[in-house]
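S.K.: Show me the folded form of this:
(chains A and B)
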Amino acid sequence: MKRGKGWYALFVFPLVAVFLVVNIIPFIIGIGYTFIEWDGLTPGAQKYVGLDNFIRIFSDAQFGRDIGHTLTYTGMALVGINVVGLAFALIVTSRWLYGRNAARAMLFMPYLIGGLILGFIWKYIYNNALPDIANSLGLTGLTGSMLTTPSSAMLAMVITDIWKSAGYVMIVYITGLQAIPDEVMEAARVDGVGFWSNLFQVKLPLLMPAITICLFMTLSASFKIYDLNLALTGGGPSKSTQMLAMNIYNEIFARSNFGYGQAKAFLFFIFIAVFTLAQVSVTRKREVVM
Amino acid sequence: MRYVGSGLMLLFAVLWLFPIYIVVVNSFKSRAEMYLSVLALPQAPTLEYYADALRRMDFLVSLRNSLIVTVASCLLIPFLASMCAWMMTRSGGRFSRILYGLFVATMLIPFQTVMMPLMQEITWIRQVTGIPIRNTLGGLVFLYIGFGAPMAVFLYSGFVKTIPMALEEAALIDGSSQGGIFFKIVLPLLKPTTMTVIILDVIWIFNDYMLPALTLLSPSNRTIPLSTFSFFGNFKVEWNLAMAGLTLTIIPVVVFYLSAQQYIVEGVAAGAVKG
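M.R.: Coordinates of the predicted model:
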């Protein structure tokens, strides 16, 4: 079809202009900043330091620990969210149950609440409600807050994220389950395939596209987690649950190390790109073509 | 068996929302009653804390700001992205393909990687042109259009490819302009994707904390996540007041969910499956 240049410009350039200003230019400026040392305040005090910022990262013990926290958290959240979400999807697609839509609606609801508000809600649950419940049940050993010790605080983050995101992946898994042709399920039923072998040998292989999507979504969301981290634990106790996003934010805006913080931020981008692309290519290979 | 199974499933789903029950129930209790039991229903429900929380959070102002930013962004993103994606997909030239690749690649860039240079850039824009992007609701909308563009262009492009060209060609032969073809023929066909984009963007923008935290500096511009954060920073120990505040922030989300549940679930599923 023949198209005028004028129409092309009118349709494409408004969005492209905003996109360039908001995404591309800052990304390029950002690469420049990784070679610079600057406190972000004094104009003209930027100093070129070559690769020093990147070299410095290797001796940054806290950054190393925060990579560990992020990987631990991402690993646990990835498994937890997808196992719980898949279980939810299998339950609410069981045709013999009544009220499946109502159950689905309730299980999905937490996903709509923002990470910050969710973090504050659960802070109250962990600090006040759960100890109170344990108290009234006479479980004196469980009356402490989960947020006060490092390992349980990490677990508290994961549980909260499962509460938020399990309903989301459930929705995607439901779509995947509904796409499985009825004949396949019928054949499995006629052959008398048991529940577990039906799950692992029939449903899961056919769900690989949905699994790819959900792993990608949960992987990149957990890796970038910030709001929940800020509201629920604030990175504590003693920075034991501080994730990479918080480390970077604090390095730049709290400690005013603009160049060094930007080098971390650039590395963060590389991590995310490598992890998510690797994950997608691994799970894509396991998809079954119908 | 059928009833038992259904009952168990529904009971579990209700218990899943137990944290919200805790928040709502305690928002009506006095301090003394809260310490007695966090689980019980309020004996003497009071709205006192709601009045207090409304005032201290400046809730109505932040709700208005959140609505302005969310509505404006969620109208402009689909509008601009559908036009751009349609034109790029249909023209199919090298320039369009490069642009499209750039949009898609940008989806991998985390916000933390561009936040600082972006703040520098908008400061320069202010100094050179006088356009205030920082600390204005309009400026925030501008930034959301930029950050929302990649996903929206990606979703629209995928959908445009599935629309047969015949309709557009027929209209062109009838003498319609390209603008006319887009707004009269293509845009109505894109409605499913438009719904998906709007739903995903509402969930994201209404709840977003970090971007407004960096750009909206004055209290009168605060969105709901910002006023919630400052509220918690200032009144850490008054939990019943905090519960009232949290309940207030959840109300708009619940209203949104109840009014468009089917669209939201479909939109989220479609957004993920195509993304």
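S.K.: contacting residues around the closest residue to B:S157 other than its chain neighbours?
M.R.: Excluding the flanking residues, the one nearest B:S157 by Cβ to Cβ, 6 or more residues apart in numbering or on different chains is B:A85, at 4.5 Å. In short, each C-beta sits where N, CA and C put it, glycine included. Contacts here follow Cβ atoms under 8 Å, 6 or more residues apart in numbering or on different chains; on that basis B:A85 touches B:152-153, B:156-157, B:160.
S.K.: quick one: which of those has the most company?
M.R.: B:V153 (30 neighbours; other Cβ atoms under 10 Å in any protein chain shown).
S.K.: so how far is the strand or helix carrying it off the chain centroid?
M.R.: Using DSSP states H and E, B:V153 falls within helix B:137-160. Offset of helix B:137-160 from its chain centre (Cα atoms, centre = their mean, to the nearest Å): 12 Å.
S.K.: Buried residues in whichever helix or strand comes after that helix, which are they?
M.R.: For helix B:137-160, the following helix or strand on the C-terminal side (DSSP H and E) is helix B:166-173. For helix B:166-173, the buried set under the neighbour-count rule, 16 or more other Cβ atoms under 10 Å in any protein chain shown, comprises B:168, B:171-172.
S.K.: How about stretch B:105-114?
M.R.: Those would be B:106, B:108-114, for stretch B:105-114 by 16+ other Cβ under 10 Å.
S.K.: Go through those residues and name the one with the lowest pLDDT.
M.R.: Model confidence across those bottoms out at B:L108, which has 89.
S.K.: That residue falls within a strand, correct?
M.R.: No - counting by DSSP: H, G, I helix; E, B strand; the rest coil, B:L108 is located in no strand; its state is coil.
S.K.: contacting residues around it?
M.R.: A:269, A:272-273, A:276-277.
S.K.: Check which residues of the helix or strand where A:M170 lies are buried.
M.R.: Under the criterion of DSSP H and E, A:M170 resides in helix A:150-178. For helix A:150-178, the neighbour count (16+ other Cβ under 10 Å) marks A:150, A:152-177 as buried.
S.K.: With stretch B:183-202 instead?
M.R.: B:186-187, B:189-190, B:193-202.
S.K.: quick one: which of those residues sit in helices?
M.R.: Of the buried residues of stretch B:183-202, the ones assigned to helices by DSSP state H are B:187, B:189, B:193-202.
S.K.: with the residues you listed in mind, which one is nearest to chain A?
M.R.: B:V202 (9.1 Å; Cβ to the nearest Cβ).
S.K.: Now the element after whichever strand or helix holds B:F103, going C-ward?
M.R.: Element membership for B:F103, per DSSP H and E: helix B:94-106. Downstream of helix B:94-106, the next assigned helix or strand under DSSP H and E is helix B:111-129.
S.K.: returning to what we had before: could you dump the ones in helices among the buried residues of stretch B:183-202 to a markdown table with pLDDT and distance to B:I20?
M.R.: Formatted as a markdown table, those follow (pLDDT from 0 to 100; distance: Cβ to Cβ, whole Å):
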| residue | pLDDT | distance to B:I20 |
| --- | --- | --- |
| B:L187 | 93 | 38 |
| B:L189 | 92 | 39 |
| B:T193 | 92 | 32 |
| B:T194 | 94 | 31 |
| B:M195 | 92 | 26 |
| B:T196 | 91 | 26 |
| B:V197 | 93 | 28 |
| B:I198 | 93 | 25 |
| B:I199 | 91 | 21 |
| B:L200 | 91 | 23 |
| B:D201 | 93 | 24 |
| B:V202 | 93 | 20 |
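S.K.: which among those residues are in contact with chain A?
M.R.: Among those, not one lies near chain A by Cβ under 8 Å from any Cβ of the partner chain.
S.K.: what two of those residues are the furthest from one another?
M.R.: Distance extremes for these: the farthest pair is B:L189 and B:V202 at 22.2 Å, using Cβ to Cβ.
S.K.: does chain B sit close to the helix or strand where A:A105 lies?
M.R.: Using DSSP H and E, the secondary-structure element containing A:A105 is helix A:100-108. Yes - for helix A:100-108, a contact with chain B is found by Cβ under 8 Å from any Cβ, at A:100, A:102-108.
S.K.: just how off-centre is the helix holding B:F103 within its chain?
M.R.: From the chain centre to the centre of helix B:94-106 is a distance of 25 Å (Cα atoms, centre = their mean).
S.K.: Report the rounded mean pLDDT for stretch B:83-93.
M.R.: Rounded mean pLDDT across stretch B:83-93 is 92.
S.K.: Which positions within that stretch qualify as buried?
M.R.: B:83-91.
S.K.: And the helices in the stretch 151-290 of chain A?
M.R.: A:182-190, A:195-197, A:204-206, A:208-223, A:227-232, A:244-249, A:258-285 (DSSP state H, counting those that start in this stretch).
S.K.: Pipe those into JSON lines and attach mean neighbour count per row.
M.R.: Compiled in JSON lines, the helices of the stretch 151-290 of chain A are given as follows (neighbours: other Cβ atoms under 10 Å in any protein chain shown):
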{"stretch": "helix A:182-190", "mean neighbour count": "11"}
{"stretch": "helix A:195-197", "mean neighbour count": "9"}
{"stretch": "helix A:204-206", "mean neighbour count": "15"}
{"stretch": "helix A:208-223", "mean neighbour count": "21"}
{"stretch": "helix A:227-232", "mean neighbour count": "24"}
{"stretch": "helix A:244-249", "mean neighbour count": "25"}
{"stretch": "helix A:258-285", "mean neighbour count": "18"}
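S.K.: Tell me how many other residues crowd residue 146.
M.R.: Since no chain was named, I'll use chain A. 21.
S.K.: wrong chain, I was asking about chain B
M.R.: Counted with other Cβ under 10 Å, the neighbours of B:G146 add up to 22.
S.K.: Excluding residues flanking it in the chain, which one is nearest it?
M.R.: Spatial nearest neighbour of B:G146, excluding adjacent residues (Cβ to Cβ, 6+ apart): A:V22 at 2.4 Å.
S.K.: next one: B:D52
M.R.: Looking at B:D52 with Cβ to Cβ, 6+ apart, the closest residue is B:L241, at 5.7 Å.
S.K.: what's the distance between the one you found and chain A?
M.R.: In this view, B:L241 and chain A are 12 Å apart by Cβ to the nearest Cβ, to the nearest Å.
S.K.: Tell me who's in contact with that residue.
M.R.: Here B:L241 is in contact with B:49, B:52-53, B:56, B:235 (Cβ under 8 Å, 6+ apart).
S.K.: repeat for A:P110
M.R.: A:P110 touches A:118, A:163-164, A:167, B:16-17, B:20, counting by Cβ under 8 Å, 6+ apart.
S.K.: Confirm for me that A:W7 is in contact with B:S176.
M.R.: No - using Cβ atoms under 8 Å, A:W7 makes no contact with B:S176, being 11.6 Å away.
S.K.: Let me have the contacts of B:L241 in TSV, adding pLDDT, distance to A:G138 and secondary structure as columns.
M.R.: Converted to TSV, these look like this (pLDDT from 0 to 100; distance: Cβ to Cβ, whole Å; DSSP: H, G, I helix; E, B strand; the rest coil):
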residue	pLDDT	distance to A:G138	secondary structure
B:Y49	85	30	helix
B:D52	86	35	helix
B:A53	86	34	helix
B:R56	85	38	helix
B:F235	58	32	coil
